[in-house]
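J.: need a structure here:
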Amino acid sequence: AVIAMALCVFAAIVPGDADAADPSTAVAEINGVTYASLQQAEDAAANGDVIIIQSDFSTSEPIHLDSGKNITLDLNGHEISGIGAEKYTIIIENGTELTVTDSGDGGSITSVYRVIKVGSATLSSTGTPASLVMDGGTLESYYSSDHCAIAAYANNTVNRNGNSSVSCDVTINKATVIGGIYIFGEGATITVNDGAYIEATDTYAISGNGTNNNSQNNGDTVITITGGTINQIGDDGAAIYHPQNGVLTITGSPMITGSVGIQLCSGEGTITTISGGTVHAFGPDGRESKTGDGFIPDGGAISIVDRNYPGGTPQMKISGGTFISEETEALMAYTWSNNSSSEWANAKNYIEVTGGLFSSDVSDYCPEDYSCIPIGNQYSIGKTQVPDESGTVVSDTTEAVVENTGLSADIILQTGSVSISSTGGNQLGNMSVSIVDNSENAVDDSIARYEIDIVVGSDITYRAEITVPAAIPSGYQPLMYYIDDAGELRPV
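T.: Sure thing, here's the model as predicted:
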């Protein structure tokens, strides 16, 4: 009797013992205890536990992670595959916060449809909050042209007040997402950081939904991109399609590539100093054959379309970055109505470009005190400098792509140094140059700082205080100017 009592007590204190599985058939483990299913492991997990996958397995029904706990799922090199008719392999809801890692090699979660749903809402309802952080592994939808790898559903009702937002957050760090990410409703957020790789074929790597009527509102989203690679493959789609009301912010050094780079039809897009990053579009201008609603294939690196969407007139501010369109224009802005495009007469009221390097002229969108300067076959944006009463021009400090040298003549960057040259022939004799290396006052070793004075004749000194990368970005083209017969500096 004593032995039996002791065994009963021991069984009662072993966590999750009722769901424990034979290690030879287990698919998951928590702190040495094995489980026959991921659902059982999640039910047994304590807040902060790590669930380690032990073997590949498939499921014909969605796995609902709905305990409201903060848990980590270590794929451990294994595959969880969704093979049923249901849309999702995993659904995260009811306040559950899931972090996915992979301590093994090649761990993945896949689906014949969609892979992970974040939040319990639908396209026209609200639901419970949820969070997904991808710190490792791969998510893959095998039919990404019709589905996606991640869908975040927040508050999609028409009710909006101070308490209506539902937090459904997706963060992609050092992980791979094949099939793209969809984001819907108030409280839905996506954050893409360094190390992330997001890919979609013939659709969108990141997309929202512009529906806003008397029964649903899919807007009020937040997309933040600080790094990583966002790649759309195929002729019909974009790296980022943003038809909804919301905020899109891009900083850091992402690489964004697609048939269209970014298409903004509602909401606010802010691109600020993409240091070393690029938005690259490779598609043709296919507007003539476009009919119906939805995405417009125009081939722009940045495409801003005023189409009277319910989310409001799109707005964009660009202060840095590189924007390349192989077939059309780097920045396209137009109205769309009745299956055709036309001039957007007051586009400049909604679009502001104060920095960056572009494959086409964007001077129409620059404020009056900024210039669009040709650099070979590209255009750099810099602030127009006006001499003060003493005849001295002092430029702003800039980083990465050197701006504000329009009055500084022939700035050619070399790794770790700055040199001056001229295509002005003997006109160079009318100009003297002084360069002071002030790098010791730079913020760190990766930055070089120079003070440059250029004296034209005896009347005007042009001064540029320039901060540049110590290692010049690949593909950078130097700024080159000369002095014309009237003594004015002109771009080559």
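
J.: name the helix or strand of this structure that has the lowest mean pLDDT.
T.: One helix or strand of the chain scores below all others by mean pLDDT, DSSP states H and E: strand 411-414, with a mean of 34.

J.: can you list the weak-confidence ranges in the stretch 101-250 of the chain?
T.: Scanning the stretch 101-250 of the chain for pLDDT under 70 picks out the ranges 144-146.

J.: let's go with 80 and repeat that
T.: Scanning the stretch 101-250 of the chain for pLDDT under 80 picks out 143-147.

J.: got it, and the stretch 351-492 of the chain?
T.: 373-377, 382-492.

J.: give me that answer again for 50
T.: The stretch 351-492 of the chain contains residues with pLDDT under 50 at 387-388, 390-433, 442-444, 446-448, 456-484, 487-492.

J.: ranges for the helices of the stretch 51-200 of the chain?
T.: Read by DSSP state H, counting those that start in this stretch, the stretch 51-200 of the chain holds no helices at all.

J.: state the distance from residue 90 to residue 151.
T.: According to CB to CB, to the nearest Å, residue 90 and residue 151 sit 11 Å apart. Backbone N, C-alpha and C define where each C-beta goes, glycine included.

J.: one more: residue 167?
T.: With distances taken as CB to CB, residue 167 is found 15 Å from residue 151.

J.: between these two, who's got more neighbours?
T.: Taking other CB atoms under 10 Å, residue 167 and residue 151 do not tie; residue 151 has more neighbours (25 against 18).

J.: who's in contact with the closest residue to the more buried one other than its chain neighbours?
T.: By the measure of CB to CB, 6 or more residues apart in numbering, the closest residue to residue 151 outside its immediate chain neighbours is residue 182, 4.5 Å from it. Residue 182 is in contact with 148, 150, 151, 152, 207, 208, 209, counting by CB atoms under 8 Å, 6 or more residues apart in numbering.

J.: nearest to residue 289 among those residues?
T.: residue 207 (21.4 Å; CB to CB).

J.: and the closest residue in space to residue 64 that isn't next to it in sequence, what is it in contact with?
T.: If the residues on either side of it in the chain are set aside, residue 64 comes closest to residue 91, at 5.2 Å by CB to CB, 6+ apart. Residues counted as contacts of residue 91 (CB under 8 Å, 6+ apart) are 62, 63, 64, 65, 66, 116, 117, 120.

J.: okay, the last one and residue 304: tell me how far apart.
T.: Taking CB to CB as the criterion, residue 120 is separated from residue 304 by 34 Å.

J.: so between those two, which is more surrounded?
T.: residue 304 (24 against 20).

J.: pull the distance from the helix or strand hosting the more buried one to the chain's centre.
T.: Using DSSP states H and E, residue 304 falls within strand 302-306. Averaged C-alpha coordinates place strand 302-306 at 17 Å from its chain's average position (CA atoms, centre = their mean, to the nearest Å).

J.: also stretch 177-187?
T.: With CA atoms, centre = their mean as the basis, stretch 177-187 stands 12 Å off its chain's centre.

J.: stretch 47-61 now?
T.: How far stretch 47-61 lies from its chain's middle: 29 Å, per CA atoms, centre = their mean.

J.: what are the buried residues along that stretch?
T.: For stretch 47-61, burial by neighbour count (16 or more other CB atoms under 10 Å) applies to 49, 51, 52, 53, 54, 57, 59.

J.: now for residue 302, how many residues are close by?
T.: With other CB under 10 Å as criterion, residue 302 counts 31.

J.: is it in a bridge, and if so with what?
T.: Here residue 302 sits in beta bridges with residue 262, residue 331, going by DSSP bridges.

J.: from residue 260, how far off is it?
T.: Counting by CB to CB, the gap from residue 302 to residue 260 is 9 Å.

J.: also residue 369?
T.: In terms of CB to CB, residue 369 sits 30 Å off from residue 260.

J.: likewise residue 208?
T.: In terms of CB to CB, residue 208 sits 15 Å off from residue 260.

J.: repeat that for residue 365.
T.: The spacing between residue 365 and residue 260, counted by CB to CB, is 18 Å.
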